[in-house]
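In: Structure for this input, please:
(chains A, B, C and D)
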Protein chains: 2
Amino acid sequence: MDPQYQIASYIQRFISLTEEEASHFSSKFKVVKVRKKQFIVQPNFTAKKRFYVVEGALRSFVVNKSGQETTIALAINDWWITDYNSYIFQQPATMFVEALESSTLLELDFEKEQDLKKSNPKFETFFRIIAERGLASQQRRITMNLTKSAEERYTYFTEKYPQFLQHIPQYALASYLGMTTEFLSKIRNNKVKGKS
Amino acid sequence: MDPQYQIASYIQRFISLTEEEASHFSSKFKVVKVRKKQFIVQPNFTAKKRFYVVEGALRSFVVNKSGQETTIALAINDWWITDYNSYIFQQPATMFVEALESSTLLELDFEKEQDLKKSNPKFETFFRIIAERGLASQQRRITMNLTKSAEERYTYFTEKYPQFLQHIPQYALASYLGMTTEFLSKIRNNKVKGKS
DNA sequence: GGAAAAAGTTGAAGTAGATTAGGAAATATG
DNA sequence: CATATTTCCTAATCTACTTCAACTTTTTCC
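Out: Predicted coordinates for the structure are as follows:
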């Protein structure tokens, strides 16, 4: 399927557009293919784009001084990814965004996004809606992280996002869920002390 | 100072409005005074409003089956608060929002917010901007929670949000930062084992 | 302004999950 | 298709933080 068509179909889940509007919207996106392990956002460089995933899998992560990587966000098809703090404020990024497998993306340049929003209030509405949905989902994630045990967080994730499990290596998922890869391995193999 | 004036001044930090637009915007807000310990959002009831804090302090929190409370968000003057997951999707709330001290709020009804956004694209832009800023700030919070120790999270908070410390009881702050009130007490009094 | 309730403190003991280290699978690539 | 690299697993040891319990201080409110 044509990637440009996909983004037009995606936006129309949230707002209704004429054919002309839909094709104007799609025209601002550029198809990008990335290979596994390729970076599309890097610390100290401003994230100039946000990315809609057509196919594949990516993650954003931070690295601390001792080299430990922590996954902050995950994305498969139909999800968006970038370093939002960098993109929204057009400031230097603190994160990497990396392809976990070869992927097809639609990139939207920050300036083009501003043009879209200026050109038609419907597009402004669209970006407002996806920001609000992101906000609500991050509120749920913060709540999970503060209130649930490692095992409960993993169980919740597998039930809520089963499609991710096929694409995300365990080391990336573990730090996303706030635990080590060793501990996640024990959970998955039911070897947590005190569990049957 | 007139509370309605404050919200007009607040929105103009983000977008410029004519006097008429500013007063149209302000007119949709209703001044509400709440006393300490009063709830403005409760689980199972849909959050029909979002609240801009003129003066005072509030928190949102969840309660688990064993009665333990976890603070999810904090708000003092110039901040917004509600259960966003409930408000945005107009679904039953899972959180309480409670006044930590007697406060003056400006409440915005969900329906009135929709009217505002329909009436003028500038208002759509405003709500998009505050959603995006919330998104970026939550991304930072998730990163902190996943990568820093309890003591580092506390130190970061005191440096970044010193104004909150005067208003927020320690038990509320502790669970917001993802630790027990006992442990936060030890951090504050430098009694953490292995620390000088 | 005095009693009761709420909030904060301290220390001892316990535990969820981290760290370390080594080996086994799986996957990539020449 | 073999071997190098990456990912995953297991188990012993360790620790950052929790739990519990008793106490002190601060705040509330009749």
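In: Tell me which stretches of chain A form strands.
Out: Ranges of strands within chain A are A:29-34, A:39-41, A:49-55, A:57-63, A:69-76, A:80-81, A:96-99, A:103-109, based on DSSP state E.
In: Out of these, the one nearest chain B is which?
Out: strand A:69-76 (5.0 Å; C-beta to the nearest C-beta). For glycine as for every other residue, the C-beta is placed from the backbone atoms N, C-alpha and C.
In: For that closest one, which helices and strands make contact with it?
Out: strand A:49-55, strand A:57-63, helix A:162-165, helix A:170-176, helix B:121-147 (3 or more C-beta pairs under 8 Å, 6 or more residues apart in numbering or on different chains; DSSP states H and E).
In: Which neighbours in the sheet does that strand have, and how are they oriented?
Out: Strand A:69-76 pairs in its sheet with strand A:57-63 (antiparallel), by DSSP bridges.
In: the domain parsing of chain A - what is it?
Out: A:3-147, A:148-196 (automatic domain parsing).
In: Compare the mean pLDDT across those and name the weakest.
Out: Note on the domains of chain A: lowest mean pLDDT is at domain A:148-196, with a mean of 93.
In: before we move on, the earlier item: the strands of chain A: which one's closest to residue B:192?
Out: strand A:69-76 (22.9 Å; C-beta to C-beta).
In: Point out the most buried one among the domains of chain A.
Out: domain A:3-147 (a mean of 18; mean count of other C-beta atoms under 10 Å in any protein chain shown).
In: is DNA strand D contacted by it?
Out: No: using C-beta under 7 Å from any atom of the strand, we find that domain A:3-147 stays clear of DNA strand D, coming within 7.8 Å at best.
In: now that domain: how far from the chain's centre is it?
Out: 6 Å (C-alpha atoms, centre = their mean, to the nearest Å).
In: now do the same end-to-end measure for that domain.
Out: Criterion C-alpha to C-alpha, to the nearest Å; first-to-last residue distance in domain A:3-147 is 39 Å.
In: Over to stretch A:162-172?
Out: Note: stretch A:162-172 ends 15 Å apart using C-alpha to C-alpha.
In: ok, back up a step: of all the helices and strands packed on strand A:69-76, which one is nearest residue B:9?
Out: helix B:121-147 (13.0 Å).
In: just to revisit the earlier point, the strands of chain A into JSON lines, with extra columns for distance to residue B:126?
Out: Converted to JSON lines, the strands of chain A look like this (distance: least, C-beta to C-beta, whole Å):
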{"stretch": "strand A:29-34", "distance to residue B:126": "26"}
{"stretch": "strand A:39-41", "distance to residue B:126": "27"}
{"stretch": "strand A:49-55", "distance to residue B:126": "20"}
{"stretch": "strand A:57-63", "distance to residue B:126": "27"}
{"stretch": "strand A:69-76", "distance to residue B:126": "26"}
{"stretch": "strand A:80-81", "distance to residue B:126": "22"}
{"stretch": "strand A:96-99", "distance to residue B:126": "28"}
{"stretch": "strand A:103-109", "distance to residue B:126": "22"}
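In: Of the ones you listed, which is nearest DNA strand C?
Out: strand A:69-76 (10.3 Å; C-beta to the nearest atom of the strand).
In: Next, the angle from that closest one to strand A:103-109.
Out: Interaxial angle, strand A:69-76 versus strand A:103-109 (axes from the mean of the first three to the mean of the last three C-alpha atoms, to 10 degrees): 90 degrees.
In: For strand A:69-76, which outside residues touch it?
Out: A:51, A:53, A:56-64, A:81, A:95, A:163-164, A:167-168, A:172-173, A:175-176, B:139, B:142-143, B:146-147 (C-beta atoms under 8 Å, 6 or more residues apart in numbering or on different chains).
In: now do 6 Å
Out: Strand A:69-76 is touched from outside by A:53, A:57-63, A:81, A:164, A:167-168, A:172, A:175-176, B:143, B:146-147, with contacts defined as C-beta atoms under 6 Å, 6 or more residues apart in numbering or on different chains.
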